[in-house]
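Visitor: got a predicted structure plus its sequence, pasted below:
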Amino acid sequence: MGRVASDRVLTPPTSPSHPSVDGDAAPIGATASSTSLDGDRFRLRDLDRRGRLVAALLALALLAAPLRAVVVEMPRWSPLGDDALIELRARDTGTSRTPLVGQPSTSGAYGSDSVNVAHPGPLGFYVLTPGVRLLGATTGILLSTMLVTGASVLVAAWVVFRQAGPRAGAVGAVLLAGAMWAAGGAGLVDPLSSNFGRFALLAAAVLLWALACGDVRLLPLTVGFWSFAVQQHLSVLPAGAVVAAAAVVAVVVMAVRARSSGRTAMVSVLRWVAVAVGVGLVLWAPVIREELPPDRGNLTLLANYSGDPERVDLGLRSGVGQVVQAVGLPPFVARSSVTGGDLVEPPTPVGVGVALVVGALLLGGGWWARRREPRLTALVGCVVVLAGAGVLTGANVPDSLEQSRLNFFHWAFALSLLELLALAWLATLAVTAGRHRWQSSGVTAAGMRPATGPRSVLAYGVPAVALIAVAAVVPLGLDRRSDRLPMPVRRDVVERFVAQIEADPAVDQGGPLLTLVVGDEGLVQVTEAVRVRLLTAGHDVRFDPGLRGYVHPDHRLDPCDAERALILGLGVGAPRDDIPGRQIAAVEVAPELDGAAVDRLSAQAEGEQVILGPDLEGVFERMPGKTGTTMAVDFVFGFSEDPARFLQNQAFLDLVIDHPPVSPELDRADLISLRDSFPEGVDRVSYTDLTANLADRDQLRSLRPGLADCP
């Protein structure tokens, strides 16, 4: 590893092709060896004291956003639904119940095989385990996810600095702050499988650029971040496959070049390849073990799902359109409250034009810079790779309501970040080259000098720190849904309900306690949290067989083997009165909700024909894919039969307040009052009352008559 020049803090060394008038004139990506991809690289230890201080401040500023998210979520959030089941799998890690694959996906809804393929790997559970065991569910999960996000962002910023120098590192750090801004606070600390791999994939993409620059020492780190990202969710696989293929090509090129350079260089490449293979084998060992006979492994199921002809996906045209949206204006990493629907929306002619201009600038600039800045050319190549990854991933997103979820489009963050870094590099390189031409013709270039200020790291380090800090703090004063983890039932309600159950001594008498749910839980999924809280508190509760794949078999109990049960009832408008057994707990899920408004609005809607009208029809038509059609059909045929299901959804209330249907005529004041009465952080109330009944086997049989056929 070589060293940078004496003025390391401000100006990287320049090559003969880059005559420098003063340090401030160097482009952001000037490298220690501008004419060679595998030349000297920048090192943090080569910075002087002031440079190291600024680097430390940049690192702390980048950690401020995920830390802010933890501070905001800590008092209000606890794992519900899938998050609670993920917590349980994390607690199982290191025991005989250690998971070997991820949680089940919803693939059974999109293909011919009703069996849900599990997400590829269990690394997410393993990472959460120490924090959950030492600090508990809420603190442990939030801090663990924050550390994954923070590590991904810091590594990405360091790689940009390592390849292109301090100024590029500062620009890259600002762009990374933009990526966190676009993701929202929830996206920084959400342990959900579909979210957890976002910034790990971004780090892997930046590391891919390092490999393209010949930095073979970073290959094991690339394998680590790539493996974590790919194991989290099926939606990451297409982009992950493209990134992996590009990385293999980069390593092969390095090996070929090393072979021509001599035995020492070849041995170095092979050594780091061997380390990377070892890292990969360790991280994928559980997945490989699960695939071994006698059972049909998850990788086999995944292969069958990938080739299923009955899958209906968005298709190639949509994939191309998504990439156009991601590279257009405004920059993706600077957008606020972005959703998957923003990417799936067909691009406008202006958007297509902007994307074509950006593409032309990158390709032309990359070709122009191939000799003077080969690392920039490599960066442009990585942008092309990620664009291909975006097309492939976007084309394979199911044509369903899932397409509105940002969690299916992680590639867009990496693509936008590298695109903007390449454009900034090209811009400064072009300005520098132009200034040199003016000077060589005897014309002063003072007026064209880039606005970098004095020859000091403060000229770009301090502004970068300030911008990153602002991006981290500003969300505290905004009401962005993307800054809050979903909490459809308040944490204190769940805790109060669990405490009532635990207070009954009969809960721990009589052997394992089967837990069942009566009622439609929808997306709220609080009962999983209740069961996990009881289980982790030491009570011998078991899940029903319907949660096969979501929990280890040791946590399940066949109803035929159950002598008693804890039956959780979900009531709408009132507690359920049709559940056998003795009631031991009851809470109102959302006591603040304006029930009187719900009753009045329901009376206005019941039995009335739903007529959307031109305004509301237009809103549905503008929704991407089949989303609008699905929602419109559900509204037309379901609202008059079950109005409460719609009225207790804040998003629906926002829709009909702004775009009222022709029929039925709903009182606007009641709609607004109902919307404003939702508990803080709750945007959907699927049921209003939660009860728990203890039932013996005879009472359980009255609920499940099929138990009479048990052997």
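Guide: Right, received. Where do you want to start? Numbering: from 1, shown residues only.

Visitor: rest of the way, CA atoms for contacts and neighbours
Guide: Will do.

Visitor: tally of neighbours for the nearest residue to V462 once chain neighbours are set aside?
Guide: Computed as C-alpha to C-alpha, 6 or more residues apart in numbering, the closest residue to V462 that is not its neighbour in sequence is V54, at 7.2 Å. If you count neighbours by other C-alpha atoms under 10 Å, V54 ends up with 22.

Visitor: which residues touch the helix or strand that contains V54?
Guide: Under the criterion of DSSP states H and E, V54 resides in helix 49-73. Contacts with helix 49-73, where a contact means C-alpha atoms under 8 Å, 6 or more residues apart in numbering, come from 9, 44-45, 142-143, 146, 149-150, 153-154, 170, 173, 176-177, 180, 185-186, 188-189, 457-458, 461-462, 464-465, 468-469, 471-473, 483-485.

Visitor: list buried members of the residues you listed by neighbour count.
Guide: Neighbour-count burial within these applies to 9, 44, 142-143, 146, 149-150, 153-154, 170, 173, 176-177, 180, 185-186, 188-189, 457-458, 461-462, 464-465, 468-469, 471-472, 483-485; the criterion is 16 or more other C-alpha atoms under 10 Å.

Visitor: out of the residues you listed, which sit inside helices?
Guide: Here DSSP state H is the test, and the buried ones among the contacts of helix 49-73 give 142-143, 146, 149-150, 153-154, 170, 173, 176-177, 180, 185-186, 188-189, 458, 461-462, 464-465, 468-469, 471-472 as lying in helices.

Visitor: now the helix or strand bottoming out on mean pLDDT in the chain: buried residues?
Guide: Using mean pLDDT, DSSP states H and E, the weakest-scoring helix or strand in the chain turns out to be helix 298-306, at a mean of 80. Neighbour counts using 16+ other C-alpha under 10 Å place 298-299, 301-302, 305 of helix 298-306 among the buried residues.

Visitor: how far off centre is the helix or strand just after it?
Guide: The first helix or strand that comes after helix 298-306 along the chain, using DSSP H and E, is helix 316-327. Put simply, helix 316-327 sits 19 Å off its chain's centre (C-alpha atoms, centre = their mean, to the nearest Å).

Visitor: show me where pLDDT drops low in the stretch 351-500 of the chain?
Guide: 434-458 (pLDDT under 70).

Visitor: at 90 what do you get?
Guide: 368-373, 395-407, 427-463, 475-491 (pLDDT under 90).

Visitor: dump stretch 680-699 to PDB, keeping only the CA atoms.
Guide: What follows is stretch 680-699, C-alpha atoms only, in PDB (Å, rounded to 0.1, in the frame of the first residue of the first chain):
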ATOM      1  CA  GLU A 680     -50.200   8.300  17.600                       C
ATOM      2  CA  GLY A 681     -48.300   6.000  15.200                       C
ATOM      3  CA  VAL A 682     -51.300   3.900  14.500                       C
ATOM      4  CA  ASP A 683     -52.700   4.100  10.900                       C
ATOM      5  CA  ARG A 684     -55.000   1.000  10.900                       C
ATOM      6  CA  VAL A 685     -57.300  -0.500  13.400                       C
ATOM      7  CA  SER A 686     -58.400  -3.900  12.200                       C
ATOM      8  CA  TYR A 687     -60.200  -4.700  15.500                       C
ATOM      9  CA  THR A 688     -61.100  -2.700  18.600                       C
ATOM     10  CA  ASP A 689     -61.100  -5.300  21.400                       C
ATOM     11  CA  LEU A 690     -58.600  -8.000  22.400                       C
ATOM     12  CA  THR A 691     -59.500 -10.800  24.800                       C
ATOM     13  CA  ALA A 692     -57.900 -13.900  26.200                       C
ATOM     14  CA  ASN A 693     -59.800 -17.000  27.400                       C
ATOM     15  CA  LEU A 694     -58.400 -20.100  29.000                       C
ATOM     16  CA  ALA A 695     -60.200 -23.200  27.800                       C
ATOM     17  CA  ASP A 696     -59.900 -26.900  28.700                       C
ATOM     18  CA  ARG A 697     -60.000 -29.700  26.100                       C
ATOM     19  CA  ASP A 698     -63.800 -30.000  26.100                       C
ATOM     20  CA  GLN A 699     -64.200 -26.300  25.600                       C
END
